[in-house]
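**Q** Predicted model and sequence below, questions to follow.
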Amino acid sequence: MLNISDNEIHPDGEWLTLQSPLENRLSPWHLSVRNLLLVLLAIFLVFMFLPWTQNVRADGKVTTLRPEQRPQTIHATIAGRIEHWYVTEGQSVRKGDTIVHLSEVKADYFDPALVDRMGNQVAAKQGSVASYSGKVEALDNQMAAMKRELDNKIQQTRTKIRQARLKMQSDSIEFERVKLDLIVAQRQLSGTQALYDKGLKSLTELEEKRLKIQETQAKIVGAENKFLSARNDLNLYQTDLVLARNEFANKIAKTQSDRFSTLSDQYEATGSVNKLQIERENYARRAAFYYITAPQDGYIVQAMKPGIGEILKEGEALVSIQPADYQLAAEIYVKPLDLPLLQVGQPVRFLFDGWPAFFFSGWPGVSLGTFSGRIVAMDRNISANGKFRVLISPDAQDASWPTALQPGGGARGIALLQDVPLWYEFWRILNGFPPDLYQEVNEQAQKTGK
């Protein structure tokens, strides 16, 4: 002490006898509160290091795993009038059972024997096709006969040409021989004339030589005429050959033209047959649409047009049906911010409407009344509500979903993410960060040992 004052400090025990300290001292419970706060702080610190399972919550509904197992609406394929209902709402039906009978409302199909009459038209048109086929065959035979006749005609004409050429050669040789005879006769006449002038030959012999020359000249004229006639015959036969070819070419061309015209008519008739067959098949199929049948086993949910005599348009909804055999699933709609955190095969917990449950976020193991599932598909396109649809099927390794669940019931899904300390989750929420997206990366790092 500095010993500045002469006042003495009382011993520790003496101040307890004073009234003022006794009035201002702390109460005995203060120590208990302090100890309690310290214990709570310790518990809170320990609690902050407990594991916490991050999760993404989304609302949805119960549905079916396959599209054909979901409730469907049966539409009227053709326009018609309701004549009779064979089922009631809620009734179970088998595949192929008749649901409703429709009657025709279009005047083009009122004839009850329309299919048979169209079949008669098809048969008649098929007969026309057969007739055209016969005509084409006859024209083919006619062209073949013309070609054979042309070949014969050409052969005959060529034979005549060869004969005329030989005759012309023979007449030419004869003509040349007669010319030589004339030269010989003239030489003999000159010799006889010379001898006659010398008195060695008589006048009679001289006249005979003169007659011989005239006869030979006459033979020359005849031989020349034969030669020219043979040459004219050769020219005529050659002309006949050309004319025969042209004539038969014209006849064959005309027959081919008739054949092509017949083929065109045949093809047109064949097209008409196909068109009539299509119409006949359409009429037969339309008649089958008068009776609307169940596409699969199920239950009639609701009749859209219940009245007798009501008119249906083509494609108008008639009745809705719930398939009897289906696999339950659930669809939830998650925000675009949470979609990257989900992946196929990820576990999801469910709370279904009508089944009381207690779910504690972060510790799904202590939750009660929830059901498990796994993600099987995620839409690649955003839905009309601005969220992405995620399809979840029951987890085969966990408890099965309630058998009383029906498609369309409400469901709340909680997709479980990775485990983090509780303090980290508080810190993430306070900062507005999304749940961790590094679970898959961490798993791959653990597999590779990096």
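**A** Thanks, I have it.
**Q** contacts and neighbour counts: CA atoms only from here.
**A** Fine.
**Q** Okay, helices next: where are they in this protein?
**A** In the chain, the helices defined using DSSP state H lie at 19-24, 29-48, 114-197, 203-288, 422-431, 439-448.
**Q** To residue 378, which of those lies closest?
**A** Minimum separation from residue 378 across the helices of the chain (Cα to Cα) falls at helix 439-448, 17.4 Å.
**Q** Let me see the mean pLDDT of the closest one.
**A** On average, the pLDDT along helix 439-448 is 42.
**Q** Let's test this: mean pLDDT of the strand of greatest length in the chain, rounded?
**A** The longest strand of the chain (DSSP state E) is strand 51-64. Averaging pLDDT along strand 51-64 gives 80.
**Q** for stretch 114-122, same thing?
**A** 86.
**Q** how about the CA coordinates for it, as CSV?
**A** Provided in CSV are the C-alpha atoms of stretch 114-122 (Å, rounded to 0.1, in the frame of the first residue of the first chain):
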residue,chain,number,x,y,z
LEU,A,114,-71.9,-48.2,-96.8
VAL,A,115,-69.0,-50.6,-96.4
ASP,A,116,-70.6,-53.3,-98.6
ARG,A,117,-71.5,-50.8,-101.3
MET,A,118,-67.9,-49.4,-101.3
GLY,A,119,-66.7,-53.0,-101.6
ASN,A,120,-68.8,-53.4,-104.7
GLN,A,121,-67.3,-50.3,-106.2
VAL,A,122,-63.9,-51.7,-105.4
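**Q** Pull the distance from that stretch to the chain's centre.
**A** Offset of stretch 114-122 from its chain centre (Cα atoms, centre = their mean, to the nearest Å): 31 Å.
**Q** Which residues does that stretch contact?
**A** Residues from elsewhere that reach stretch 114-122, judged by Cα atoms under 8 Å, 6 or more residues apart in numbering: 273, 276-277, 279-280, 283-284.
**Q** And it, what's buried?
**A** Buried residues in stretch 114-122, defined by neighbour count with 16 or more other Cα atoms under 10 Å: 114-115, 118-119, 121-122.
**Q** Same list (the residues you listed) but as a markdown table, adding distance to residue 317.
**A** Listed next are the buried residues of stretch 114-122 as a markdown table, based on distance: Cα to Cα, whole Å:
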| residue | distance to residue 317 |
| --- | --- |
| 114 | 27 |
| 115 | 27 |
| 118 | 31 |
| 119 | 33 |
| 121 | 36 |
| 122 | 35 |
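**Q** ok, so of the residues you listed, who is nearest residue 48?
**A** Using Cα to Cα, residue 115 is the member of the buried residues of stretch 114-122 that sits closest to residue 48, with 82.2 Å.
**Q** mind checking how far the closest one is from residue 78?
**A** Between residue 115 and residue 78 the computed distance is 17 Å (Cα to Cα, to the nearest Å).
**Q** picking up where we left off before, between the contacts of stretch 114-122, which sits nearest residue 176?
**A** Nearest to residue 176 among those is residue 273, at 76.6 Å by Cα to Cα.
**Q** List the contacts of the closest one.
**A** Contacts for residue 273 (Cα under 8 Å, 6+ apart) come out as 122, 125-126.
**Q** which one in the chain is furthest away from the centre?
**A** Distance from the centre of the chain peaks at residue 199, with 123.6 Å (Cα atoms, centre = their mean).
**Q** mind checking how far it is from residue 370?
**A** Separation of residue 199 from residue 370 (Cα to Cα) stands at 168 Å.
**Q** Kindly point out the strands partnered with the longest strand of the chain and how each is oriented relative to it.
**A** Strand 51-64 pairs in its sheet with strand 328-334 (antiparallel), strand 410-421 (antiparallel), by DSSP bridges.
**Q** any chance of those strands in JSON lines, plus mean pLDDT, mean neighbour count and distance to residue 206?
**A** Converted to JSON lines, the strands paired with strand 51-64 look like this (pLDDT from 0 to 100; neighbours: other Cα atoms under 10 Å; distance: least, Cα to Cα, whole Å):
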{"stretch": "strand 328-334", "mean pLDDT": "91", "mean neighbour count": "24", "distance to residue 206": "144"}
{"stretch": "strand 410-421", "mean pLDDT": "76", "mean neighbour count": "20", "distance to residue 206": "152"}
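**Q** could I get those as JSON lines with distance to residue 375?
**A** Converted to JSON lines, the strands paired with strand 51-64 look like this (distance: least, Cα to Cα, whole Å):
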{"stretch": "strand 328-334", "distance to residue 375": "9"}
{"stretch": "strand 410-421", "distance to residue 375": "9"}
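**Q** now for the helices of the chain, which one comes closest to residue 332?
**A** Using Cα to Cα, the nearest of the helices of the chain to residue 332 is helix 439-448, at 21.8 Å.
**Q** Next one, pLDDT for residue 366 please.
**A** Taking residue 366 on its own, its pLDDT is 49.
**Q** for the helices of the chain, which one sits closest to residue 105?
**A** Residue 105 lies closest, by Cα to Cα, to one member of the helices of the chain: helix 203-288, at 12.2 Å.
**Q** What about the spatially closest residue to residue 291 that is not a sequence neighbour, how many residues nearby?
**A** Distances taken as Cα to Cα, 6 or more residues apart in numbering place residue 101 nearest to residue 291, at 4.7 Å, with adjacent residues excluded. Neighbours of residue 101 under the rule other Cα atoms under 10 Å: 17.
**Q** who's in contact with residue 101?
**A** The neighbourhood of residue 101, defined by Cα under 8 Å, 6+ apart, consists of 82-86, 290-292.
**Q** can I get those in a markdown table with neighbour count?
**A** What follows is the contacts of residue 101, written out as a markdown table (neighbours: other Cα atoms under 10 Å):
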| residue | neighbour count |
| --- | --- |
| 82 | 21 |
| 83 | 16 |
| 84 | 16 |
| 85 | 15 |
| 86 | 10 |
| 290 | 21 |
| 291 | 16 |
| 292 | 19 |
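**Q** Out of these, which is nearest to residue 183?
**A** Closest approach to residue 183 among the contacts of residue 101 (Cα to Cα): residue 290, at 113.1 Å.
**Q** who's in contact with that closest one?
**A** Residues in contact with residue 290, defined by Cα under 8 Å, 6+ apart, are 80, 101-104.
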